[in-house]
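**Q** the sequence isn't on hand, but the structure is:
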């Protein structure tokens, strides 16, 4: 059973986001990037499936800052084959471009996945999510918002999440692409020493990609930050005055 | 000349001649020289070659002086003594190395007694009856060479109680025969342990010279070294061993011999005796004690008694057989790693007294409290420990280490290593996982942006110098810390300390965004790899700047920088801010102009107090504040109760709460309350002068309101202010207890609000 | 190629989801600019009645047993056919577990441009502009709506569901489709959420209590207020630690993260460990006697009165306002 996990990095929201001088894109110069959270879950789900039965887990990532550490952390968790796609990923690439290169890499490296797991979304997605695009390019079916995967011969039974806690159990023929919302357990911790060890052993395979093709995504003419919240507007007076004012606010909000 | 010479003299003369030549002499030349017949010379040469390295080239003979160490001139009596000593040594040995046998033969021959040749031949025969053991012989040769030429040697050594052999690198200093057992000890400086160690040569399986030479330090005392012959490891105090022999016949045998120089014999009614002696190590006595079989009862020490009876039970009183497992078990590997720790061998000396489990604040909730953990390791059941989360209840408060009679490094060695094992399997509570991942990614466990680390300095006048911007040398590099930089409550402490530094005119600077977490709590939570990575980042920042010393807000950072960083090659003078200020108390005192009428009790932070022995400096600072009455809680100094924040405890709050439903900080707050007499509603600020006046007016004729009405719990560690304030809100009656860091109190006493 | 705005209606277990109405309202705004119609696209099996309150100019109904409940393969197949044939100006899909499963797939299969996380539209010079919110709400991205056919996934918040509802049922036109073959995704069953304690992370109105509530008895006051307002009581850590409320009600670092429309924080200081769990709430109202409490930094409105005084006063007024 071959499981391929394509992952990507997204802007880390811990730091302030800055806009370029042109005003239409994120300034990537000092941008700190982090592994997309649901991709982390995808890796975890893949490892869990490997632990339950025989499977090889391949993790693929474009060549961005920290790519190697992300790959070796996955290896330390149990991933078998780390692949780094090399090419020009300097400018923010969109999901269409990424999906195309991932699909080509899968074909060119003859990975022949039975299952492709990827995070169901990323917070910087402006052109849809990666998974369904990849599924089309690989001619595989796709189910997203998955929080549980069971494999039986030739098929996957997945738990798909809907609002309000409703779950739909779906059956998907393999090979398939799944958009992981949450792994069946939170991504495990890996001690730094294990990642360092994996780094020493090495083993990252590089795969060169050609020019990126972002067609299919929108063109942004303006990026801006919503107004920063200020300190609370304080309501004066005793409890009666405050209560009265609160009722007004509730009415405005449509609560009352 | 020749004929008149005794044979001894003649042999000596021949030896001298052979030594002095570089071309050698023929038999004829020697015979001519000595005035004796050639046959005599033949016989002499044969004899001489048994004791001297005579070389033969064609028909010429000579001795290369380099080939042997010395020629000792012995009288007959002296030779006999030497012979007897050697006979004794050889008699009970299972294996006699060739060098020993040869020496014995030579001494026998040197006696020049007619029987000597026969004796020499019987010695030879002794060797023939034994299987050749070239490897052992080689080991002896290697060790002697290493000792003579001062070469570091790598030995494969089987400990008496060890499950299998381990490798050590040692510098041989001295050899000494064992007393009660057959054997020879090598006393060496072990590079592996970084300490003196004794090794029984008979248990050295292999020895290999390394390419390193060593110099034996001048101050090594031979007597001191010899003291250590009594045991495989060095100890501080003597242990009393008491044995009881009830049978009068056996007792007589015991009385007849002096087994140990320090022994004492006490007669018992009924004809038996009690034998006692002070020894450094007890284990060496074990074979001797077992030799007595059921005739001997061990009265003391308890550990030995248990050990002997355990062995008797296991083997039914017959000869002891050590079971050597085929491949190392999980417990083996873990124990080995423990022993690599500083003082790690002490884990083998655990008496199972359970003092550690008793004093541990959460010991009662652990499935495997410290004592039981050690027992499990020894019982080859370490996997069971790893199945539980006992280790995550440990807050690294060092109470166990403090109270252990064998000074076993329980907190730093055992608990940290167990946490590391759990981490390596991915078993780590979620909160702690976040803190560790944040530390790795954002250089602080809180997950705050590293760029904002110095944001607390905004608006402070005079401006706080940040090294990268100030670009000048400073006297003090102030290592601020995570919570002091980011946590809103603790930022108040940081700002107060800044004020104190300014008032004192301290020339300081901070690293700001270049500072990363000191990593001590992460290290104690088992993430040594993370700790090293973080330390290296700090080291790079330190290396860029010019400063005389580091002063920390946080005792954890102080501990880390002082005690752990040097092992990584990062070594700077460092002090905690209380030490720094206490040293400058005479300058500080005149600045403390505002009276703080309050009863203050001081909580010794674990990493300042128990771990580093700093108790008086913080108290000196508090006493310097006018109007303050300092009282002690019922647990203070070494016995202080931990706030629960260490060893990862800061990020195991939820986890530990689930199990304990009580917080250590709350226990401590209760003590603070009863020590200082606080009760009533909760406050966060000291009463204003007006409030004190009002209170004073309310109770005329009584003690002027002041001290007894204001109760403060003083702290000196950034984890504590938020922890204790939270706890104070939950503890009934702790409402009036104010929690303040010493820095805050000093700032207030300076009139800085 | 038409100027119509298609809206893919989302329904589960026979119920039309709110997002569908939000999209219809949004579609109206775009249609006003393009001059086209708002066409609701309803896929299902014997599901015509779901079209009754859709505020659309017309409804395209595609009937097939395989479409009775949502599955990605069947819906994507049907929509692909429809969009290829009809070539609308814009297709709106929900940024949901339904819409997101098919939107990107359609973009790849039909080679159509896709914009996601769109919250609203603005009138632009010539063409309407999309306004999307990304990066956890920290960034707004605007741009021209791509040339036809543009696929757009819509997030809630920009329009109210009521604006997409209609009293008059629209006209329904049934479309026939070639059979959907070789479906690779099938629905086996739905699993309802466990009945049990409330999931506060799914509530839109939370009344949060902290240490300021002082005693367990006072919780009752908060429960009454919650009932009157139609919300649910949750708490900060210390209250849960005391055992006054179960851990399922805890908000914060060690508890749940919540994003309700209204978060009323009563007697909560707002320490970082708690703020982390609720700072994303749309409107935060904080009551605390300590003016320096950090909760006021994340709250929109605040007052420095004692919660034990305020709650009864507020509950009374709420009851009055709701028609008591």
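**A** Cool, got the structure. Note that the structure is a prediction, hence the values are computed from the model and not measured.

**Q** now do the contacts for the closest residue to chain A within chain C.
**A** In chain C, the residue found nearest to chain A is residue C:193; the distance is 2.9 Å by CB to the nearest CB. In short, each C-beta sits where N, CA and C put it, glycine included. If a contact means CB atoms under 8 Å, 6 or more residues apart in numbering or on different chains, then residue C:193 has A:164, A:165, A:166, A:167, C:199 as its contacts.

**Q** would a markdown table of the residues you listed with pLDDT, secondary structure and neighbour count be doable?
**A** A markdown table is the format used below for these (pLDDT from 0 to 100; DSSP: H, G, I helix; E, B strand; the rest coil; neighbours: other CB atoms under 10 Å in any protein chain shown):
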| residue | pLDDT | secondary structure | neighbour count |
| --- | --- | --- | --- |
| A:164 | 66 | helix | 11 |
| A:165 | 71 | helix | 13 |
| A:166 | 83 | coil | 15 |
| A:167 | 89 | strand | 18 |
| C:199 | 85 | coil | 15 |
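
**Q** now flag whichever of these is closest to residue A:4.
**A** residue A:167 (25.5 Å; CB to CB).

**Q** residues contacting the closest one?
**A** Counting by CB under 8 Å, 6+ apart, residue A:167 touches A:147, A:159, A:160, A:161, C:190, C:191, C:193.

**Q** what strand or helix carries the residue of the stretch 201-350 of chain B found nearest chain A?
**A** Nearest residue of the stretch 201-350 of chain B to chain A (CB to the nearest CB) works out as residue B:337 at 12.5 Å. Using DSSP states H and E, residue B:337 falls within helix B:330-339.

**Q** and that helix, what does it pack against?
**A** Helices and strands touching helix B:330-339, by 3 or more CB pairs under 8 Å, 6 or more residues apart in numbering or on different chains; DSSP states H and E, are helix B:370-378, helix B:382-387, helix B:416-424.

**Q** rerun that using 6 Å as the cut-off
**A** Under the contact definition 3 or more CB pairs under 6 Å, 6 or more residues apart in numbering or on different chains; DSSP states H and E, helix B:330-339 sits against helix B:382-387.

**Q** list of residues touching the helix it packs on?
**A** The contact list for helix B:382-387 (CB atoms under 6 Å, 6 or more residues apart in numbering or on different chains) reads B:330, B:331, B:334, B:368, B:373, B:376, B:421.

**Q** switch to 10 Å and redo it
**A** B:329-335, B:366-368, B:372-377, B:391, B:418, B:421-422, B:424-425, B:427 (CB atoms under 10 Å, 6 or more residues apart in numbering or on different chains).

**Q** stretch A:219-227 now?
**A** A:16-20, A:22-27, A:126, C:113, C:115, C:124, C:129-135, C:137-144, C:146.

**Q** mind listing which of these are in strands?
**A** Among those, the residues falling in strands (DSSP state E) are C:115, C:129-134, C:139-144.

**Q** who are the contact partners of the closest residue to chain A within the stretch 451-600 of chain B?
**A** The nearest approach of the stretch 451-600 of chain B to chain A comes at residue B:529, 3.3 Å away (CB to the nearest CB). Residue B:529 makes contacts with A:190-197, B:420, B:423-424, B:440, B:522-523, as judged by CB under 10 Å, 6+ apart.

**Q** list buried residues within those residues.
**A** Neighbour counting by 16 or more other CB atoms under 10 Å in any protein chain shown classes A:190-196, B:420, B:423-424, B:440, B:522-523 among the contacts of residue B:529 as buried.

**Q** which ones among those map onto helices?
**A** A:192, A:193, A:194, A:195, A:196, B:420, B:423, B:424, B:440, B:522, B:523 (DSSP state H).

**Q** so residue B:271 lies in a helix, does it not?
**A** No: with DSSP: H, G, I helix; E, B strand; the rest coil as the criterion, residue B:271 is located in coil rather than a helix.

**Q** how about it, phi and psi?
**A** phi 100, psi 0 (degrees, to the nearest 10).

**Q** that one and chain C: what is the separation?
**A** Per CB to the nearest CB, to the nearest Å, residue B:271 is found 69 Å from chain C.

**Q** go on, residue B:608?
**A** 26 Å.

**Q** that residue: how many residues sit nearby?
**A** 24 (other CB atoms under 10 Å in any protein chain shown).

**Q** give me the nearest residue to it, chain neighbours excluded.
**A** For residue B:608, ignoring the flanking residues on the chain, the nearest one in space by CB to CB, 6 or more residues apart in numbering or on different chains is residue B:555 at 4.1 Å.

**Q** would you agree the one you found is in contact with residue B:718?
**A** Yes: Residue B:555 is within contact range of residue B:718, at 8.8 Å (criterion: CB atoms under 10 Å).

**Q** common neighbours of these two, please.
**A** Among the neighbours of residue B:555, those also in contact with residue B:718 (CB under 10 Å, 6+ apart) are B:481, B:605.

**Q** chain center to stretch A:185-200, what's the gap?
**A** The chain centre lies 19 Å from the centre of stretch A:185-200; the measure is CA atoms, centre = their mean, to the nearest Å.

**Q** when you scan it, is anything in it near chain C?
**A** No: using CB under 10 Å from any CB of the partner chain, stretch A:185-200 never reaches chain C; the gap is at least 13.6 Å.

**Q** the strands in the stretch 151-256 of chain A, which residues?
**A** A:155-161, A:167-173, A:176-180, A:205-208, A:222-224, A:233-235 (DSSP state E, counting those that start in this stretch).
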